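Participant: I'd like to go over a predicted model; first the sequence, then the structure.
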Amino acid sequence: MAPPNGVNGAHDDVDDIDYSDIEAKYKVQYDEGLDNILVIDGVPVIDKSKLEKLLAKISKEFGRKGAPLKPEDMFLPWDDKTGKSKGFIFATFKTAEDAAYAMAAMNGHPFDAKHTFRINRFTDIEKYATMDEDWVEPEPEPYKPKEHLRAWLGDPQGRDQYATYRGDEVAVHWHGKPSQCEIAHERNGWTDLYVSWSPLGTYFATLHRQGVRLWGGPSWEAQQRFAHPFVKLIDFSPNENYLITWSNDAIHVPEGAQQGPQYFSPEDEGNNIAVWDIKTGNLLRTFPSSMPEGEDGVKRQMQWPAMKWSADDAFVGRVTTGQHISVYELPSMRLHDKKSIKIEGVVDFEWCPLGDKDREDIEKAVQAGKKPKENLLAYWTPEVANQPARVTVINFPTRSILRQKNLFNVTECKLYWQNQGDFLCVKVDRHTKTKKSIFCNLEIFRVREKDFPVEVVELKDAVTEFSWEPKGERFAIISSSDPNLGNPGPGVTIKTDVSFYQLVRGKGDFKQLRSLPGRTSNTIRWSPKGRHVVLGTVGSTSKSELEFWDLDFSIDEKREGTTQEWGSGIQHLGTADHYALTDAEWDPSGRYIATSASAWRHTIENGYAIWDFRGQELEKHILDRFKQFLWRPRPRTLLTKEQQRQIRRNLKEYSRQFEEEDAAEESNISAELIAHRKRLIDEWNAWRLKLKEELAEERRKQGKKEPEVEEPKQEEKEEIEVWVDEVIEQIEEEVVE
Amino acid sequence: MRPILLQGHERSLTQIKFNREGDLLFSCSKDHVINVWFTDNGERLGTYDGHNGTVWTIDVDSTSRYLISGSADNTMRLWSVETGKCLYRWEFPTAVKRVAFSEDDQQVVCITEQRMGHQGAVRVFDISREGDGTNQSKEPASFFHPTGSKAVVCAFAHTPGLILTGHESGKVALFDAKTGEEVNNNERAHMDVITDLQLSPDRSYFITSSRDKTARLHDTRTLMVLKTYTTETPLNSAAIAPGKPYVLLGGGQDAMSVTTTSLRQGKFETRFWHKVFEEEVGRVKGHFGPVNTIAVSPKGDCYASGGEDGFVRVHHFDESYFRAKPYGDLEIIE
């Protein structure tokens, strides 16, 4: 520190000067250099002969997890007395970051049956050794209650919510009586792509370049994030436990990317599909996306959802066209039974949904400690060589075949489960021998009955749309024999027929209730509560009709028990028109239906409208750049069957109360409106009076006379003579000379 | 309200005007012809022939003696309403886009197009009412170039000596007629081209329509926006109905894209809006092209609309229009 003696005539008494403050200030901060050293506990105790083998093994284990460690970088201390190792290792890594990653990856790693690695930083060991032995009670962190994610259900007016996405603005609205329609939350640029609700309405998902974010609670705080860059599609599991995301860009983990259970690791590179746990935000597994290849080798559009969830969130299945269905268990995401279900030629499958009763049974079974009923799964295989096409229903996880049905001349099958899992309809598009025309069979499996009896409804035309009534025994189909079917073009409106079918109790077959010929409808929207149905012409530029139907219309109260004439309950409630609509969606209560015209499809009259179930327009907003309308789903009711019955019995009392509220609302609104108008007029009149005075003043100053006020004088009668030429008769006379 | 269809033009209408009594209707069109009609029965009284280009604009004085017109043949002409004779013609380097009489009929203001290196200009001419009217001064009483965005519509304001202009950028401004000085302006009155400007009977407020899909009511002196009427289609014209608290708006899809749009999505209707409440009251259908111009009779008993389709439709209001009080007994000062 002191300069060499004699330089610049330095003094000899230099040592007397106190440099300690400067020394302290400029003291070189030595890198401790020990951050890259880890202490690995839980290593088997060995003798010297096995040293090399052990180190090699450990090195391999580390390498497999992406934390390379060479045997020469490890040091094994020995107990000189016994001649054996002490059971731990000092491992030196290149950098502190490598060490940190290795620690994260290998801590708790099972080395073999008896030994599990416990890893600490070398610097930490010292810290722990010199730790204060006296226990100091840690300051308890103040409890921060989490917001209730289902708070919106506690709305005193029982209103539903819906989300709209317009331009860059995302808003969540309350939908209620006119005075109660307000915006619950609004944000500009909330999403980069689109928005989505989770199936029970708990979370609100937004898509960004970086990944997916979930929001919820009354203050719309961020709840979870999933870092999947350039995510394009998402799919929630039915019980909101898991999320599947898909991006067209294969996963790429750049050098130095964040690592951890919530992030992609190098193993995931090249994949497109990721499965996440919603509560923890952890990545469970990734998959490459499979593009099924068509017959001519051209890649067909990817199916979405790419993976299908069983109704209880316990399994997720994925079909590899023509080969097998792979079912993965949750939450481990391991292949169930370590093997896929091999099915030659399989095209598609569907899980059976759970009905209300099934859920009760499962609860009961769980309480009783019994095993609940197994999941059902239906799949179909096309005709190959001499094999007929086949629809199969199997149990899962036992994988036993419950029912199989052979089909012939099949072009395409689609599987439709009724939402309670009572029926399975297989819509079979069949071709005639010449393969020139297509007709359709509906094979309906009655799943609740023994041996799954199958009923066939044969139709002459192609069926373009099929829809089960939720919780019901009816379905609606749209069929068409239009020659333009299959080659849509601009200005082409396809003529369709709509038919309703109902199960004949006791007989077990489905009979037509009513047919509505000569429509243009191409969309069926059942109310989520059943009974009401809306038929719409969607996505057409020339037609945009909405028809509202009630299938249980009756004036007398006692519907059950009395036998009614077949199909007499069907009543047309109304017709409406929403020009150029692209979507229609019922609210979760089945009272309202919203239609929207999205700017994603076209740019004419974008916006949305809300109708009641009778087809009365309640609201209509024409908004430029309107993109998306989504009702917030509701979870299943918590009321028991008994409670629901009670409510239905006392419906009159409730409705009286509601009617009173409605009346109050109405008078309130009109009073408000009248007051508002009065205010506007008063303002206007005041302004006009003042202006008139001032103008008159100005004119007087300019020495002009008042503008002539035209007196509504008695108009002088003006006689207008009108000549009217009228040809009464035309006679042609030939004059012969 | 059964309309009278006036079929006298072969091309799209550009402007229509009622005279002060409302018994005559003048219409001009891209087919170079100006027509005059009896409002009562739709009979054509005569034509004013002579222009060699699209007649963009017309105005009639308060005594129905003179008619002034501006055309794409770069002339402005003065006509005798009664005889149909051309009394005088002024020539300009570019097309005349808008003409208007002053309140006292002593002056005429006109806008000429900005084109071929010529700046857009506003000129004011004194009109001599002596003799047969053929003796007019060739030189304008005043002449100026509005700076900035070009002016497309104009009119005399509440006091003579002030000229109200509407501009391509959506600006409205007040100019001193003598000096050409900009007295007042509202740069952000509209977001797009102003397509029409019509004054209230006492010229104390006015309505503008714009391609930004709105029409607005302004105070003439302060140029403050009083009311805004937002529609979902570009607007070509807006008028104030005397006697009733309504304004009439007309428009539709661009003339260019009309052939590719159906009647339904074109929105070629005349819309009635409540002047004070800013609510739409009703619509009148009929045209099968965009409505280019709307005029309401100064008596308030009928209105006419001229469309891109070449037709003028004259609507005489029904008795119920005058009787009906859809908003109760609230009195609104005009």
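Facilitator: Everything's here; your move. Numbering: from 1, shown residues only, chains lettered A, B, ... in the order given.

Participant: right, and residue A:171 touches residue A:164 too?
Facilitator: Yes: taking C-beta atoms under 8 Å as the definition, residue A:171 is a contact partner of residue A:164 at 5.3 Å. From N, CA and C alone the C-beta is placed, and that goes for glycine too.

Participant: Low-confidence bits of the stretch 201-334 of chain B, can you list those?
Facilitator: For the stretch 201-334 of chain B, the stretches with pLDDT under 70 are B:254-266, B:328-329.

Participant: can you pull out the strands in it?
Facilitator: B:205-210, B:214-219, B:225-230, B:235-240, B:246-251, B:270-274, B:280-284, B:291-296, B:302-307, B:312-316 (DSSP state E, counting those that start in this stretch).

Participant: could I get those as JSON lines with distance to chain A?
Facilitator: Output for those, formatted as JSON lines (distance: least, C-beta to the nearest C-beta, whole Å):
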{"stretch": "strand B:205-210", "distance to chain A": "8"}
{"stretch": "strand B:214-219", "distance to chain A": "8"}
{"stretch": "strand B:225-230", "distance to chain A": "8"}
{"stretch": "strand B:235-240", "distance to chain A": "13"}
{"stretch": "strand B:246-251", "distance to chain A": "13"}
{"stretch": "strand B:270-274", "distance to chain A": "9"}
{"stretch": "strand B:280-284", "distance to chain A": "12"}
{"stretch": "strand B:291-296", "distance to chain A": "16"}
{"stretch": "strand B:302-307", "distance to chain A": "16"}
{"stretch": "strand B:312-316", "distance to chain A": "16"}
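
Participant: Report how many residues lie close to the residue of the stretch 601-737 of chain A found nearest chain B.
Facilitator: Nearest residue of the stretch 601-737 of chain A to chain B, counting by C-beta to the nearest C-beta: residue A:688, 4.3 Å away. For residue A:688, the number of neighbouring residues by other C-beta atoms under 10 Å in any protein chain shown comes to 17.

Participant: Residue A:190 now?
Facilitator: Neighbours of residue A:190 (other C-beta under 10 Å): 21.

Participant: who's more crowded, residue A:171 and residue A:164?
Facilitator: Higher neighbour count among residue A:171 and residue A:164: residue A:164, with 23 against 16, using other C-beta under 10 Å.

Participant: Check the gap between the more buried one and residue A:613 for me.
Facilitator: Remark: distance between residue A:164 and residue A:613 (C-beta to C-beta, to the nearest Å) = 21 Å.

Participant: for residue B:20, same thing?
Facilitator: 55 Å.

Participant: between these two, which one's more packed in?
Facilitator: Under the neighbour definition other C-beta under 10 Å, residue B:20 and residue A:613 were set side by side, and residue A:613 has more, 23 against 15.

Participant: ok, how many other residues are close to the closest residue to chain A within chain B?
Facilitator: Using C-beta to the nearest C-beta, residue B:333 is the residue of chain B that sits closest to chain A, at 4.3 Å. Residues lying near residue B:333 (other C-beta under 10 Å) number 13.

Participant: nearest spatial neighbour of the residue of the stretch 601-737 of chain A closest to chain B, skipping sequence neighbours?
Facilitator: Distances taken as C-beta to C-beta, 6 or more residues apart in numbering or on different chains put residue B:333 closest to residue A:688, at 4.3 Å, once the chain neighbours are dropped.

Participant: was I right about that neighbour contacting residue A:684?
Facilitator: Yes: using C-beta under 8 Å, residue B:333 is in contact with residue A:684, at 7.3 Å.

Participant: For chain B, what's the nearest residue on the stretch 201-350 of chain A?
Facilitator: For the stretch 201-350 of chain A, C-beta to the nearest C-beta, closest residue to chain B: residue A:206, 28.5 Å.

Participant: Sorry, wrong one. I was asking about the stretch 401-550 of chain A.
Facilitator: Closest point on the stretch 401-550 of chain A to chain B, by C-beta to the nearest C-beta, is residue A:542, at 7.1 Å.

Participant: Can you give me the neighbour number for that residue?
Facilitator: Other residues close to residue A:542 by other C-beta under 10 Å number 14.

Participant: Contact residues of chain A facing chain B?
Facilitator: A:541-542, A:579-580, A:604-605, A:622, A:674, A:677-678, A:680-681, A:684-685, A:687-689, A:691-692, A:695, A:698-699, A:702, A:707 (C-beta under 8 Å from any C-beta of the partner chain).

Participant: Filter these down to just the ones in helices.
Facilitator: Counting by DSSP state H, the residues of chain A next to chain B place A:674, A:677-678, A:680-681, A:684-685, A:687-689, A:691-692, A:695, A:698-699 in helices.

Participant: Drop anything exposed from the residues you listed.
Facilitator: A:677, A:680-681, A:684, A:688, A:691, A:695 (16 or more other C-beta atoms under 10 Å in any protein chain shown).

Participant: what about the helices in the chain?
Facilitator: Picked chain A for this. So, for chain A - with DSSP H - the helices run A:20-26, A:51-64, A:96-106, A:122-129, A:356-367, A:641-649, A:651-701.

Participant: wrong one, chain B
Facilitator: Counting by DSSP H, the helices of chain B are B:263-266, B:319-323.

Participant: Can you tell me, leaving aside adjacent residues, what's nearest to the residue of the stretch 401-550 of chain A closest to chain B?
Facilitator: residue A:493 (5.6 Å).

Participant: from the chain's centre, how far out does stretch A:18-27 sit?
Facilitator: Offset of stretch A:18-27 from its chain centre (C-alpha atoms, centre = their mean, to the nearest Å): 64 Å.

Participant: no no, stretch B:212-230
Facilitator: Counting by C-alpha atoms, centre = their mean, stretch B:212-230 comes out at 16 Å from the chain centroid.

Participant: same question, stretch B:307-326
Facilitator: 18 Å.

Participant: Stretch A:528-548 now?
Facilitator: On C-alpha atoms, centre = their mean, the centre of stretch A:528-548 falls 23 Å from the chain's centre.

Participant: now stretch A:610-623
Facilitator: 24 Å.

Participant: Can you check the distance spanned by it, start to finish?
Facilitator: With C-alpha to C-alpha, to the nearest Å as the measure, stretch A:610-623 spans 14 Å from end to end.

Participant: Break chain A down into its domains, please.
Facilitator: As assigned by automatic domain parsing, chain A contains the domains A:37-127, A:461-482+A:494-554+A:566-637.

Participant: Worst mean pLDDT among those?
Facilitator: Lowest mean pLDDT within those: domain A:37-127, a mean of 81.

Participant: okay, now residue A:382: neighbour count?
Facilitator: Residue A:382, neighbours per other C-beta under 10 Å, totals 17.

Participant: Nearest residue to residue B:10 in space, please, no chain neighbours.
Facilitator: residue B:31 (4.3 Å).

Participant: I figured the one you found hits residue B:11, correct?
Facilitator: Yes: counting by C-beta under 8 Å, residue B:11 is a contact partner of residue B:31 at 4.2 Å.

Participant: which neighbours do the two share?
Facilitator: The contact sets of residue B:31 and residue B:11 overlap at residue B:310 (C-beta atoms under 8 Å, 6 or more residues apart in numbering or on different chains).

Participant: Thank you kindly, that will do.
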